[in-house]
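Q: could you look at this predicted model? Sequence included:
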Amino acid sequence: MPYIPIGCNCSCCTDVTLRQFAFICNLIFALFAVGVIICGISYRSHFVQYQEILPQDDLLLAYIPYIGVAFGILYVTSSIVILIGVVRTRNSNGNILLICGCIIGWASLFLTSLHALYHLIIFEVKGIGCEIRKCLIKIFRSYHEDKNAEQLVHQLQQDFSCCGITGPKYWYNDFPDSCFPKRNIQSDNFRIGCKYPISKWLRYSLGVVTFIYVASHIMHIISLISAGCLSERMVLNRLTDILETDLENEEDAGYISDDEDSDPKTR
């Protein structure tokens, strides 16, 4: 029965070349995944700090840093398992590790794709600016009633160099000192409303997340394909060794005689 390739046909590559390529790809991706974890941790403080201004009906948005860290851990786990499998390719356990790493990798890739698609649909339908404006209105209206809202308003206006929701007119010339640079009322007040820089910040943050998603998907697919090719090559080599061993055993047992093959009279 002829061999029908079920994966990638890497006959043009030697075993050593394929092993080195898979190792390098997954090592680079493992380092990239560590960077994803670091980015998630660094963004966590910002998202937690400004959680009140994020759309409250979209819980996944508020937990983007935590989700990024979780996916980063899955990426690292997948890459490490594959790297160990690459190192142990001469052992029968190496192929099992490669398969397990690929399963973890494809599962994490599927989950990240669903998460990215969900946010893409949500943001296209709702619009970031409108949602942030609603949250800001709620916070600014509680300025004189809630001490926490008052502190948050001051923090937002100082951190984003803004004044009011859509501009200084919101305060009717009764500006809080947070509308001034470094809360110095002797200087000129901020002219831009908080809605615009906050929307810009959130869009930039989500742009960074989108870039990480796209880059991780590309790198992850390459690393998983290389691991899959190496796994297939290991299976084929193993089958070849078994067939060669069986043929040698048959020859040793006398099932195939060189004299009979060479003498036509015995046929």
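A: That came in fine, so what should we check first?
Q: and the closest residue to residue 69 other than its chain neighbours, what pLDDT?
A: Among residues not flanking residue 69 along the chain, residue 40 sits closest, at 3.9 Å (C-beta to C-beta, 6 or more residues apart in numbering). All C-beta spots, glycine's among them, are computed from the backbone N, C-alpha and C. You'll see residue 40 listed with a pLDDT of 80.
Q: repeat that for residue 254.
A: 59.
Q: by mean pLDDT, point me to the weakest helix or strand of this structure.
A: Of all the helices and strands that make up the chain, helix 258-262 has the lowest average by mean pLDDT, DSSP states H and E, namely a mean of 48.
Q: what's the local residue count around residue 71?
A: 22 (other C-beta atoms under 10 Å).
Q: the strand or helix carrying it packs against which elements?
A: When elements are assigned from DSSP states H and E, residue 71 belongs to helix 64-87. For helix 64-87, the elements it packs on are helix 15-49, helix 92-126, helix 195-253, judged by 3 or more C-beta pairs under 8 Å, 6 or more residues apart in numbering; DSSP states H and E.
Q: which parts of it are buried?
A: Of the residues in helix 64-87, 64-86 count as buried by neighbour count, 16 or more other C-beta atoms under 10 Å.
Q: what of stretch 20-36?
A: Within stretch 20-36, the residues that count as buried by 16+ other C-beta under 10 Å are 21-23, 25-27, 29-30, 32-33, 36.
Q: and it, how far out from the chain's middle?
A: How far stretch 20-36 lies from its chain's middle: 13 Å, per C-alpha atoms, centre = their mean, to the nearest Å.
Q: what do you get for stretch 74-84?
A: The answer for stretch 74-84 is 13 Å, by C-alpha atoms, centre = their mean.
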